[in-house]
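[1] Sequence first, then the predicted structure:
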Amino acid sequence: MKIDFSGKVALVTGGGRGIGRAICQEFAMTGARVVCVDINQELGEETISLVKKQGAEGKFIRADVTDATDVESYVNQTVARFGRIDAFSNNAGWQGAVESIIEYPEDVFDKVMSINVKGVFLGLKYVLPQMIQQQSGAVVNTASRAGLVGAPEYSGYIASKHAVIGLTKTAALEVARQGVRVNAVCPGSVDTELLRNLKHSSAENVETFLSERANLVPDGRLGKASEVARQVIYLASDFSSHVTGQSLAIDGGALAM
């Protein structure tokens with residue numbers, strides 16, 4: 001059986017690169033009409049160009065997910081163009097600093113929480129009313145394995161992703177009787193620009209750093225953005241019609257350790 005989003009509308013935040021771009025492309029492959037939201041216009045338009053090359057209809061909207069006016073606008077623009085929102089990948093996020101709590105800059109902590117938590121909250125706040133009106137829809141928030149564990153020197157990111165999981169559970173319970181489902185994906189180490197830009201600890205170069213990270217994963221490799229994207233598609237589809245309030249780890253077995 002094949003997942004088919006033909007005629008449906010998928011809205012993806014943080015769609016300009018990495019996992020977000022992969023999600024846009026996977027939705028396009030299922031026949032969805034794709035709306036890519038990103039603060040970087042050039043990258044967002046590149047994503048929509050890729051979507052259209054796959055034969056899907058697409059629209060880019062530049063927006064800051066921490067700004068309520070921008071969030072309300074991207075929702076309104078999507079509905080004005082396509083009439084509905086069937087799937088919402090609430091994906092935009094930022095890593096922040098890699099420092100101990102004592103050394104962690106307060107302004108960086110605030111920015112991480114604003115993008116990763118407020119951005120998800122605002123997305124839910126403005127998308128859910130449309131889905132409730134439709135009496136259908138699926139939201140998939142991008143959390144992280146970091147939302148399920150602790151880790152030294154990642155206090156901002158860890159705190160923000162724990163919050164995303166809390167918002168996921170709360171939203172799921174609030175709309176469960178209204179035909180709307182809310183879940184989260186929790187990627188582990190995925191080979192994206194975000195991971196490559198991290199402080200590389202004692203590693204001599206990026207490739208050594210990535211190799212070290214891969215060795216920590218039970219299946220011996222880093223995840224791919226497409227592997228995360230496919231699970232977003234699953235959670236947004238009717239194949240998961242009785243699944244809500246859940247956080248799906250995509251980490252090569254790391255949480256089993």
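    Cool, got the structure.
[2] Now do the strands in this protein.
    For the chain, the strands defined by DSSP state E cover 9-13, 33-38, 58-62, 87-90, 137-142, 180-187, 247-250.
[3] how about CSV for those, with distance to residue 100 and mean neighbour count added?
    Where you see a C-beta, it was placed from the backbone N, CA and C, and this is true even at glycine. Formatted as CSV, the strands of the chain follow (distance: least, CB to CB, whole Å; neighbours: other CB atoms under 10 Å):
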stretch, distance to residue 100, mean neighbour count
strand 9-13, 30, 30
strand 33-38, 31, 29
strand 58-62, 35, 21
strand 87-90, 30, 29
strand 137-142, 26, 27
strand 180-187, 24, 25
strand 247-250, 26, 20
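[4] residues in contact with the residue nearest the centre of the chain?
    With distances taken as CA atoms, centre = their mean, residue 91 lies nearest the centre of the chain, 2.3 Å away. The neighbours of residue 91, taking CB atoms under 8 Å, 6 or more residues apart in numbering as the test, are 12, 13, 14, 15, 19, 20, 23, 140, 141, 142, 232.
[5] nearest to residue 35, of the residues you listed?
    Using CB to CB, residue 12 comes nearest to residue 35 of the contacts of residue 91, at 6.9 Å.
[6] Domain map for this structure?
    The record's domain split for the chain, according to automatic domain parsing, is 9-187+226-243, 189-222.
[7] where does the stretch 151-257 of the chain have low pLDDT?
    Applying pLDDT under 70 to the stretch 151-257 of the chain flags the ranges 198-204.
[8] go again using 50 as the cut-off
    For the stretch 151-257 of the chain, no stretch has pLDDT under 50.
[9] one step back: deepest of the domains of the chain, which one?
    Comparing the domains of the chain on average neighbours per residue, with mean count of other CB atoms under 10 Å, the densest one is domain 9-187+226-243 at a mean of 20.
[10] Between its first and last residues, how far does that one reach?
    Using CA to CA, to the nearest Å, the end-to-end distance of domain 9-187+226-243 comes to 20 Å.
[11] to the chain's geometric centre, what's the distance from it?
    4 Å (CA atoms, centre = their mean, to the nearest Å).
[12] thinking again about what came up before, which of the domains of the chain sits closest to residue 256?
    Closest approach to residue 256 among these (CB to CB): domain 189-222, 6.7 Å.
[13] Do a quick rundown of the helices in the stretch 1-150 of the chain.
    Along the stretch 1-150 of the chain, the stretches classed as helices by DSSP state H, counting those that start in this stretch are 18-29, 41-53, 68-82, 106-113, 119-134.
[14] And these: which comes nearest residue 254?
    Proximity to residue 254 (CB to CB) singles out helix 18-29 among the helices of the stretch 1-150 of the chain, at 16.8 Å.
[15] Could I get the average pLDDT for that closest one?
    When pLDDT is averaged over helix 18-29, the result is 98.
[16] Show me what it is packed up against.
    Counting contacts by 3 or more CB pairs under 8 Å, 6 or more residues apart in numbering; DSSP states H and E, helix 18-29 packs against strand 9-13, strand 33-38, helix 41-53, strand 87-90, helix 225-236.
[17] Isn't residue 164 up against residue 119?
    No: Residue 164 is beyond contact range of residue 119, at 9.5 Å (criterion: CB atoms under 8 Å).
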